[in-house]
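Q: Sequence below, structure please.
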Amino acid sequence: MAVTRAQQPVVTLPPVPVRTRLAHPALLLTGILLVALNMRACLAAISPMVGEIQHTFGLSATASGLITTVPVLFQGAGAPLTPRLTRRFGTERVVLGAVLVLGAGVLLRVLPSVAALYAGCVVIGVAIAVLNVSMPGLVKREFPGRAAAMTGVYSTTMLVGATLAAGTSVPLEHALGGGWQASLGAWSLLALIAAVAWLPQVLRTANGRGGAPRATSGEQPRRVPAAGVPAAGRAAESSLWRSPLAWQISLFMGISSLLVYTLVAWMPTILADHGMDRGEAGLVFAFSNLVQVAGAFLVPLLAGRMTRQRTLAVVMAALNAVGITILLVSPVPGAWVSATILGIAQGGSLGLALAFIVLRTDSVAGAARLGGMSQAVGYLVAAAGPVGAGALHQLTGDWNTPLLLMLVLAAVAAVAGWGAGRDRTL
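A: Below you'll find the model as predicted:
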């Protein structure tokens with residue numbers, strides 16, 4: 001049940017570690033940013049290579065579409081497991097493990113086997129799911145007074161990683177001379193760098209055997225909402241799935257992600273099918289990704305300064321609808337305008353959805369539970385977008401029906417965002 005902040009009960013939890021040199025804010029911020037760079041880069045890097053992968057393995061169009069759909073699907077499937085992992089092992093160790101698993105998945109994906117290709121996609125999806133859920137709670141814990149602003153920083157960094165990966169995959173292929181395998185495999189190095197940068201955060205926590213960080217001398221007690229008490233975790237998680245507010249946040253994230261992933265998969269094709277040169281269509285798509293960075297950074301900052309974010313959520317959904325409408329009625333002449341509007345809307349929607357996780361909860365554990373639910377629901381919904389749009393296009397022979405359906409979903413996102421933007425906590 002949603003409650004106001006004044007109604008939220010609090011209890012005193014065991015002390016948490018005071019920062020050491022290993023936990024210097026600059027090291028922490030560097031680690032967060034490098035982890036965030038990895039969270040979309042390996043997904044965006046494969047998009048320009050799908051045609052070559054299809055040719056290498058003789059895949060059908062449907063099977064090729066699964067290369068981008070499978071990771072999104074497993075981001076949803078893996079999300080509910082993360083709160084249990086963080087309670088068991090601690091957030092720092094879980095993040096480190098997820099980054100290393102992500103790097104292993106990137107390498108598995110480039111082995112000369114179709115089975116390895118899809119297995120790597122599964123591993124990547126699960127690793128990103130763990131990071132997706134872990135990071136909001138970690139940001140809320142480490143930057144309690146600036147959680148929304150820091151959410152904007154790391155969501156922006158995710159999109160920067162995606163933009164860089166999409167733009168450098170082909171040049172990397174030419175520079176390394178090893179085909180698509182060398183280009184995609186190179187992104188495992190970024191995961192390794194992030195793991196090394198994150199290691200000080202693991203070392204600074206005095207871990208009990210297999211459990212949460214152990215208290216040491218000089219630590220200070222803290223007061224948090226009762227929802228953050230580990231003993232109440234299962235009951236709180238169960239009640240969360242019955243909360244209308246939690247479902248509104250999950251639906252806003254799900255539909256916003258569906259619109260993003262559908263256009264990631266099909267926007268260049270839509271433009272090319274209407275007569276635009278494929279090279280220019282790729283530039284329009286890359287420009288839209290670049291503009292997303294501005295939306296992902298600015299919208300969470302605005303959200304953090306507001307008591308209610310209802311209007312902001314509706315504006316993001318409305319901008320999505322405007323951009324999609326331009327693609328529908330004037331795809332080639334309006335391509336650059338549409339790309340600009342969609343970039344702001346999609347980056348802003350992503351940042352706002354992540355900000356809801358920290359703004360609608362009063363504890364680290366609560367943020368982890370809401371992150372697990374919203375991203376499980378969200379990415380399972382989002383996974384249907386690319387496949388569903390492709391199927392509708394194949395059935396109808398044009399892109400009008402998928403785009404019209406996306407307009408309807410943007411309206412649903414506006415309704416969900418209006419509810420999610422209330423000044424309530426879980």
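Q: what's the spacing between the helix or strand where residue 365 lies and its chain's center?
A: Assigned by DSSP states H and E, residue 365 falls within helix 364-396. In terms of C-alpha atoms, centre = their mean, to the nearest Å, the centre of helix 364-396 is found 11 Å from the chain centre.
Q: ok, now stretch 285-302?
A: Relative to its parent chain, stretch 285-302 has a centroid offset of 14 Å by C-alpha atoms, centre = their mean.
Q: residues near residue 57, how many?
A: 14 (other C-beta atoms under 10 Å). C-beta here means a position set from N, CA and C on the backbone, and glycine is covered the same way.
Q: next one: residue 369
A: Other residues close to residue 369 by other C-beta under 10 Å number 29.
Q: Can you tell me which helices and strands the helix holding residue 365 packs against?
A: Under the contact definition 3 or more C-beta pairs under 8 Å, 6 or more residues apart in numbering; DSSP states H and E, helix 364-396 sits against helix 61-78, helix 82-89, helix 114-142, helix 233-240, helix 244-273, helix 335-359, helix 400-420.
Q: for the spatially most central residue of the chain, what are its contacts?
A: With distances taken as C-alpha atoms, centre = their mean, the residue of the chain nearest its centroid is residue 132 (5.5 Å). Listed by C-beta atoms under 8 Å, 6 or more residues apart in numbering, the contact set of residue 132 reads 39, 75, 79, 82, 371, 375, 379.
Q: What ranges in the chain fall below the confidence cut-off?
A: Residues of the chain meeting the criterion pLDDT under 70: 1-24, 61, 206-238.
Q: rerun that using 50 as the cut-off
A: Applying pLDDT under 50 to the chain picks out residues 3, 5-20, 207-229, 231.
Q: what's the neighbour count on the nearest residue to residue 109 once chain neighbours are set aside?
A: Nearest residue to residue 109, sequence neighbours excluded (C-beta to C-beta, 6 or more residues apart in numbering): residue 120, at 2.8 Å. Using other C-beta under 10 Å, residue 120 has 25 neighbouring residues.
Q: before we move on, what about residue 51?
A: Per other C-beta under 10 Å, the neighbour tally for residue 51 reads 11.
Q: show me the residues around residue 116 that make contact.
A: Residue 116 sits next to 108, 109, 110 when contact means C-beta under 8 Å, 6+ apart.
Q: so which of the residues you listed is the most crowded?
A: residue 109 (26 neighbours).
Q: Isn't that one up against residue 125?
A: No - Residue 109 lies out of contact with residue 125 (C-beta atoms under 8 Å); the separation is 10.9 Å.
Q: report the angle between the axes of the helix holding residue 365 and helix 82-89?
A: 150 degrees (axes from the mean of the first three to the mean of the last three C-alpha atoms, to 10 degrees).
Q: okay, the angle between helix 364-396 and helix 61-78?
A: Interaxial angle of helix 364-396 relative to helix 61-78 (the same axes, to 10 degrees): 160 degrees.
Q: Return the angle between stretch directions for helix 364-396 and helix 400-420.
A: With the same axes, to 10 degrees applied, the angle from helix 364-396 to helix 400-420 works out at 160 degrees.
Q: Tell me the buried residues in helix 364-396?
A: 364-390, 392-393 (16 or more other C-beta atoms under 10 Å).
Q: Equivalent analysis for stretch 33-51, please.
A: For stretch 33-51, by 16+ other C-beta under 10 Å, it's 33-50.
Q: Tell me the gap between that stretch and the middle of its chain.
A: With C-alpha atoms, centre = their mean as the basis, stretch 33-51 stands 12 Å off its chain's centre.
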